[in-house]
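Participant: Give the three-dimensional model of this entry:
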Amino acid sequence: MPSARLAFYNFGLHVAPAESKTVEGFVLREPLNFEAAARTCGFIGRSGYAGYPGARSWGVQVFPRYIEGSGFTSAPSSLSLWADIESLMGFTYNGVHAEALKHARNWNVKPTWPPLVLWWVPGHHRPDWQEGVERLEYLADHGPSPSAFTFKQPYGPDGAETAIDRDRVKELAVRNAETQRDLLAHVQTLKV
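Facilitator: The predicted structure follows:
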């Protein structure tokens with residue numbers, strides 16, 4: 001069992017209800033992003049959503065305080081585990097997920113909070129939704145630290161500031177592109 005794994009939580013708010021044509025492009029891409037992650041080097045697992053087919057939910061899904069006053073009772077968010085920061089970055093900013101990111105401004109409000117948070121967990125620990133929310137709010141309130149950080153100011157499992165191995169990210173992105181080729185071709189045909 002590995003000594004540490006990287007936990008990742010992100011949260012956003014749509015510009016319209018999930019059933020709206022306005023965010024249909026996001027909804028169409030979501031299962032393809034989940035499949036792309038599953039095919040990605042360094043991906044360990046992700047929480048599903050209670051009441052939806054697929055991966056089991058890692059606890060009761062809760063949302064950060066930024067949902068208050070939005071008119072929504074749920075919002076796009078994800079919770080996952082990765083082998084390391086380079087694996088997560090290789091997925092996030094390349095391939096299928098990167099294609100969705102370039103259109104995110106069409107579907108999501110511009111956040112006034114950190115849209116994502118990273119933190120290290122022991123190899124046997126699986127974070128739940130509450131932990132992800134607490135880490136995101138901690139990051140917003142206190143800034144980056146070993147307890148809650150971002151790609152811009154990363155920390156290693158030892159708690160020390162670290163640098164991302166950009167060459168390894170590029171190498172992983174190339175490997176991932178091979179496993180995601182069919183998904184990327186499909187996602188490029190979808191409406192924005």
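
Participant: Count the neighbours of the nearest residue to residue 98 once chain neighbours are set aside for me.
Facilitator: Leaving aside its sequence neighbours, residue 98 sits nearest to residue 92 (CB to CB, 6 or more residues apart in numbering; 7.4 Å). No exception for glycine: its C-beta is placed from N, CA and C like everyone else's. Residue 92: 20 surrounding residues under other CB atoms under 10 Å.

Participant: got the contact list for residue 92?
Facilitator: 98, 101, 151 (CB atoms under 8 Å, 6 or more residues apart in numbering).

Participant: Got the confidence number for it?
Facilitator: What the model reports for residue 92 is a pLDDT of 97.

Participant: Look through the chain and tell me its longest helix.
Facilitator: helix 166-187 (DSSP state H).

Participant: Strands of this structure, residue ranges please.
Facilitator: Counting by DSSP state E, the chain has strands at residues 4-11, 43-46, 77-82, 116-122.

Participant: Tell me the strands beside the longest one, with direction?
Facilitator: Spelled out, it's strand 4-11. Paired strands of strand 4-11, with direction, are strand 77-82 (antiparallel), strand 116-122 (antiparallel) (DSSP bridges).

Participant: do the same with the shortest one
Facilitator: Applying DSSP bridges, strand 43-46 is found paired with strand 77-82 (antiparallel).

Participant: For the partner strand, give the mean pLDDT please.
Facilitator: Mean predicted confidence for strand 77-82 is 98.

Participant: Stretch 44-64 now?
Facilitator: 95.

Participant: Run through who's touching it.
Facilitator: With CB under 8 Å, 6+ apart, stretch 44-64 has contacts from 5, 11, 34, 37, 74-75, 77-83, 113, 126-130, 133, 136-137.
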